[in-house]
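A.B. asks: Task: produce atomic coordinates for the following.
(chains A and B)
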Amino acid sequence: MNLDAKIPTGPMAQKWDKHRFDLKLVNPANKRKYEVIVVGSGLAGASAAASMAELGYNVKCFCYQDSPRRAHSVAAQGGINAAKNYQNDGDSVYRLFYDTVKGGDYRSREANVYRLAQVSVDIIDQCAAQGVPFAREYGGLLANRSFGGAQVSRTFYARGQTGQQLLLGAYSSLCRQIGLGKVKMFPRTEMLDVVLVDGHAKGIIVRDMVTGEISRHSAHTVVLATGGYGNVFYLSTNAMGCNVTATHRAYKRGAAFANPCYTQIHPTCIPVSGDHQSKLTLMSESLRNDGRVWVPKSQEMAEKLRKGEIKPGEIIEGERDYYLERKYPSFGNLVPRDVASRNAKEACDEGRGVVGSGLGVYLDFADSINRMGEDVVRERYGNLFDMYEKITGSNAYQNPMTIYPAVHYTMGGLWVDYNLMSNVPGLFVIGEANFSDHGANRLGASALMQGLADGYFVLPYTIGQYLAEAGPDGRPSEESSEFDEVEEAVKARINNLLSIKGKRTPTSFHRELGQIIWDKCGMSRSESGLNEALEKLPALREEFWQNLNVPGENGSLNQSLELAGRVADFLEFGELMCRDALQRAESCGGHFREEHQTEEGEAKRDDENFSFVGAWGYRGADNEPELHKEALTYEEVKMTQRSYK
Amino acid sequence: MGKELNLRLKVWRQDNAGDLGRFEEYEAEGIDTDMSFLEMLDVVNEGLIEEGKEPIAFDSDCREGICGTCSMVIGGVPHGGQQGTTACQLHMRHFNDGATITIEPWRATAFPVHRDLVVDRTAFDRIQQAGGFISVRTGSVPDANATPVPKEESDLAMDAAQCIGCGACVAACKNASAMLFVAAKVSHLSLVPQGQPERERRALAMVEQMDEEGFGNCTVTGSCEAVCPKEISLDFIARLNREYGRALIKRETSS
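C.D. replies: Residues are numbered from 1 along each chain as shown, chains lettered A, B, ... in the order given. The predicted structure follows:
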C-alpha cells in the first residue's frame, strides 16, 4: 500500500502557496466536462459542492437527510477558530498551528495543520460575506471568545448555534448552485457502496430511502464528506442517522482507514438518565469559560448527594474539590477535552460522582452569577441553560449543572494525502470523515474550521490536479460490469438483511455493540479489555446475521432496514477500532491505555515507537487487516509531554 | 429515574403518499417521565417489531432541537405545545398517567406524506433555491471586519436566522401558509449589509416560489409564532410584507 503523503517541499509557511502553483489546472472551458460526486452535505460537503460548482464542475450531491440543511454540523454550538488576531492578544497562524499540533498530542501531520491554520482566516471572511450573523461588538466588529486548549481568544460564534449558522451559510451557497443547475441534489438518498474502475473511484451505488430504488451514479471522481463514526458507541452526541457506512464501504474497497482508535470524548454532556436513552446531548464547551467543575472531596458527601439527602448548595467551599483548578492551575477549567473527560471519569471512579448513576460531576455557575450578574450569564449561555432545563427539568441558574463525558467526535478516518485524496485514486475524503488534522485529540471549535477549510479552500484546488491528469474522458459508463457487480452485491446484502427474520431488533444489536465499545474502547483502554472485546464482537456479529429481525420490505420507506445496514457496518468497524487501540501500546490524546500513564495518571506517549499514523488495509473477510504506517516527523513543533499545569 | 406512565397512543398510519391512511391505537406502558417523546416512540416501536409488526415511521435526527427534522403534531399541536420546544426535546414529564395522545404528521398540500408521520418538505428547499442566499463566490470576499454591522441589527438578523426549517408554522396554520419560514430568511438577509444588493430580487423570488409550491396565504392569526420551536416573531412577517411591497414598487419604478 502506498502511503505517500505528498507533502510539498520547502519551508512550512510556503508549502501551500508553492503547492497551489505546482498543481495542475483544469481549463475553465473544460471544467463543465467533468462530473463530481459529493456524498454528504454538512459543512465539508456543502461547501465543497458549492465551491466546485462555482468553478464550473457538474456536481451531484447526496445526503441521507431530507434536506442538506439538516446535516449534523448543524448541531455544533460553541464556535469556529481562526487566527485573525482581532483581539490583539498575540494570536497568529503559527500559534494556531502550534496549538493544534500540541492539542492533537503530536499525532497529526504538520503540513496539513499549518495549511488549516493559514486558511482559517479566509473562512471567517467567506462566512461573514454570506451573511452569517456572527456575534458582534457595539462598534460593529466581530466578537471573540476563548475556548478549551488555547490561551488566546480566537473563537468566532453565533450565540450557541454556530454550526447551524455556518451550515446555513454553506447551504445557501449550495442552494444557489442547485438553482443554477450546477448541483443536482439527492436528499433522502444513502450511499451504500463505491465503485472502482481500473482501481480508480468512479461512482457510487445509492438507495432512495423513500422508494427503496437502488441506482448507480458514475463520475470522474468521488468525494466523501460523510462525517464521523461516533455512533459505533450507540450513545453519542451524533445525530441518530450518523453512520460509518460510506467510509467503511470505501475501506472494504481498498481505502486505508487511519487511526480508528482516536475518538474524542467530550467532557460537558448531560448525563445518561436511563436505559431508554437514545442519544446524548452536549452542552457547549464554552460553558467552561464561566462554569467551575467540582465534586465533593469525600465519598460520603457524594453518596448523600446521589441519594438526594442534601443539595449541592449546602456543601461548603472547604468540602468541595475543584479538581481541574487544583491539578492544572494555569489552564484550570479550560484544559483540553481529553484531560477534562478523563478527570471526570477518575472522580466518579473514586466514588465522588454526584448523580443517581454515580456518573456525573458539577459545572457550577454560582460564582459567575455573583460576579457578573445573572443577566450576563443569560446573555452568554441562555439557550444552553434553556436546553438543559428542557432535558433535565432543572434550572441551572439556581442549581449547578451536572455533566459527564460522552462520545462526540472521531479524529480517525480514511487516510488522505496532502491533497485530501485517499490511497484509492479519485477518492477524496474531507471533513470529519478523514483523519488528517486533529491527531489524537481535537481542540474545541476546530471541527467547523476543518470542515470548511477542506470544502471551501483546499479540495477545490487539489481536485483539479487529479481531474487534469484523468482527463475529461475518464468517466465510465454506468452500464459497465464494475457497476453491475457492486449493485448486485448491494442488493444481495439488502435481501439478506430482510430475509433473516430472527428475533432481535437492529437497535438491540446496536445497543449491545455500543456497550462493549464504551466499556472496552472508551475513555480508557487496556490490553485485556480490548482482547475481550475482540472476542465478543465476532460472536455478536454472527448472532446479528442469524437472529436479526427487519420488518417490512425494501420497496418503501423502511427505517429498520436503514438502521440494520448501518449496524451491520458498525459491527465490523468496531472490531477495527479495538484492533487499532490494541496495537497502539501508548497513550496519546483521546486514546488512553491504562498500561501507559505517568505517575500522576496523565497520558504517556511513546514517540520512539508510535510516532506514526496507523492506516489499516482490508484484506478480505477471512483475513486480519494489515497495519501500514506513515511516519510522522516534526520540523517545526518541538515534541514535549503536553502540560496544562 | 423519573416516575412511570401508562399511555394510549392514537397514531396516524399511512403506507405511502397514495394511501388513504388511518388512525391506529397502541398502548405505551411503563414510560419513564425522563424520556423524551421520541424515546417513548422508540420504546413503542421496539415492541411493534418484536410483535412482527411494522414500526411507526417518524423523522428525527439530531434529537437536540436544532436540525429541524422531527415533525409531528402531538395532541393537535405541532411539536406538542411546550413553548420553544421541538418534539425531540419534549419530555414525558409533561404528560399525565392514563392520557390518550393523538399523533399526526404535518398536514399541508405542499408537504405530501411519504409514510406515517414522515412528510416531504423539499418545497422549503426550493424556496431557498429561488433566492435565499447572498451571491458570493468562494474566495472573492473582503476581510470580515471591513464591513461593520451594528450589534442591534446583527442580533435581530440572528433572531430570524435561528429558523430550523421544520415546517411547524405551516402545520399550525389554517391556511398552511409558509410566511413565517420565508419571512425569517428574507428578514435575516435583508438586515445585514451583505444582503443589500439582492434585497428586492430575493424577496420577490422567494415569495413567488412559495406561492408556486401551493402554500396558502397569510391571514395573520399568529398560530405559526405560537408553535415555532425557535420562537420566531410574527414581526418578521410584517417585515416580509414591507420588503415585498418595497421590492414591487422598486420593480415598477425601474421598468
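
A.B. asks: from here on, contacts and neighbour counts on C-alpha atoms
C.D. replies: Fine.

A.B. asks: so what's residue 13 up against?
C.D. replies: Assuming you mean chain A. Neighbouring residues of A:Ala13 by C-alpha atoms under 8 Å, 6 or more residues apart in numbering or on different chains: A:Tyr114.

A.B. asks: was after chain B, sorry
C.D. replies: B:Arg13 makes contact with B:21-24, B:56, B:115-117, according to C-alpha under 8 Å, 6+ apart.

A.B. asks: switch to 7 Å and redo it
C.D. replies: B:21-24, B:116 (C-alpha atoms under 7 Å, 6 or more residues apart in numbering or on different chains).

A.B. asks: Show me which of those residues are buried.
C.D. replies: Among the contacts of B:Arg13, the ones that count as buried by 16 or more other C-alpha atoms under 10 Å in any protein chain shown are B:Asp116.

A.B. asks: Can you tell me which of the contacts of B:Arg13 end up in helices?
C.D. replies: When DSSP state H defines the helices, the subset of the contacts of B:Arg13 inside them is empty.

A.B. asks: so which of the contacts of B:Arg13 comes closest to chain A?
C.D. replies: Minimum separation from chain A among the contacts of B:Arg13 (C-alpha to the nearest C-alpha) is found for B:Asp116, which lies at 9.7 Å.

A.B. asks: re the thing from before, okay, the contacts of B:Arg13 in JSON lines with pLDDT and distance to A:Arg320 next?
C.D. replies: Shown next, in JSON lines, are the contacts of B:Arg13 (pLDDT from 0 to 100; distance: C-alpha to C-alpha, whole Å):
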{"residue": "B:Gly21", "pLDDT": "97", "distance to A:Arg320": "59"}
{"residue": "B:Arg22", "pLDDT": "98", "distance to A:Arg320": "58"}
{"residue": "B:Phe23", "pLDDT": "98", "distance to A:Arg320": "55"}
{"residue": "B:Glu24", "pLDDT": "98", "distance to A:Arg320": "54"}
{"residue": "B:Asp116", "pLDDT": "98", "distance to A:Arg320": "52"}
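
A.B. asks: Using CSV, lay out the contacts of B:Arg13 together with distance to B:Val227.
C.D. replies: Below are those laid out as CSV (distance: C-alpha to C-alpha, whole Å):
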residue, distance to B:Val227
B:Gly21, 25
B:Arg22, 25
B:Phe23, 23
B:Glu24, 25
B:Asp116, 21
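
A.B. asks: Could you chop the chain up by domain?
C.D. replies: Since no chain was named, I'll use chain A. By the record's domain assignment, chain A is partitioned as A:266-406, A:481-630 (automatic domain parsing).

A.B. asks: switch to chain B, that's the one I care about
C.D. replies: Residue ranges for the domains of chain B, per automatic domain parsing: B:4-115, B:121-254.

A.B. asks: now those in JSON lines, with distance to A:Ala111?
C.D. replies: Formatted as JSON lines, those follow (distance: least, C-alpha to C-alpha, whole Å):
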{"stretch": "domain B:4-115", "distance to A:Ala111": "34"}
{"stretch": "domain B:121-254", "distance to A:Ala111": "22"}
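
A.B. asks: Please enumerate the helices of the stretch 301-450 of chain A.
C.D. replies: A:323-327, A:337-349, A:366-372, A:374-392, A:447-452 (DSSP state H, counting those that start in this stretch).

A.B. asks: Would you mind listing the buried residues in the helix or strand bottoming out on mean pLDDT in chain B?
C.D. replies: Least confident helix or strand of chain B, by mean pLDDT, DSSP states H and E, is helix B:235-254 with a mean of 95. Of all the residues in helix B:235-254, those buried under the rule 16+ other C-alpha under 10 Å are B:236-241, B:243-244, B:246-248.

A.B. asks: with the contacts of B:Arg13 in mind, which one is nearest to A:Arg253?
C.D. replies: B:Asp116 (36.6 Å; C-alpha to C-alpha).
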